[in-house]
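[1] My questions concern the predicted model and sequence given below.
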Amino acid sequence: MPYKPKAGGYRHRQLIAEALQDTDDTVEALRSLLPAANGEAKAILAEAIVMQYRNRRRLSEMLDIIGRQKGGNRTKT
């Protein structure tokens with residue numbers, strides 16, 4: 001069974017941050033292909049870039065929500 005990080009935990013936040021970086025790398029790669037593309041290929045690349053930006057926005061929102069919900073690993077006394 002694969003490792004499932006605790007929601008909002010350090011590893012969970014780290015995985016989201018890694019996914020954000022992967023998304024940025026993907027967008028950069030797709031943008032580099034745009035000048036060589038023509039017609040329909042250019043439209044497909046543009047659509048893929050938009051989808052990656054949507055994913056990035058969702059991942060950023062997840063990190064923001066986790067940050068607001070969890071103030072750290074402090075225990076209540």
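    Perfect, thanks for sending it.
[2] Can you dump the C-alpha atoms of stretch 60-68 in CSV for me?
    In CSV, the C-alpha atoms belonging to stretch 60-68 read as follows (Å, rounded to 0.1, in the frame of the first residue of the first chain):
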residue,chain,number,x,y,z
SER,A,60,-1.8,27.2,-4.6
GLU,A,61,-5.3,27.4,-3.0
MET,A,62,-4.7,24.1,-1.3
LEU,A,63,-1.5,25.3,0.3
ASP,A,64,-3.2,28.5,1.4
ILE,A,65,-6.1,26.6,3.0
ILE,A,66,-3.7,24.2,4.8
GLY,A,67,-1.7,27.2,6.0
ARG,A,68,-4.8,28.9,7.4
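[3] Which pLDDT value belongs to the most centrally placed residue in the chain?
    Closest residue to the average C-alpha location of the chain: Leu20 at 3.2 Å, with CA atoms, centre = their mean. Note for Leu20: predicted pLDDT of 93.
[4] With Lys4 instead?
    pLDDT, read off for Lys4, is 69.
[5] hang on, Leu63 packs against Gln14?
    No - Leu63 is beyond contact range of Gln14, at 10.4 Å (criterion: CB atoms under 8 Å). (C-beta placed from N, C-alpha, C; glycine too.)
[6] Show me which of these two is the more surrounded one.
    Neighbours were counted for Leu63 and for Gln14 using other CB atoms under 10 Å; Leu63 has more, 16 against 11.
[7] Apart from its chain neighbours, what residue comes closest to the more buried one?
    Nearest residue to Leu63, sequence neighbours excluded (CB to CB, 6 or more residues apart in numbering): Ile16, at 5.4 Å.
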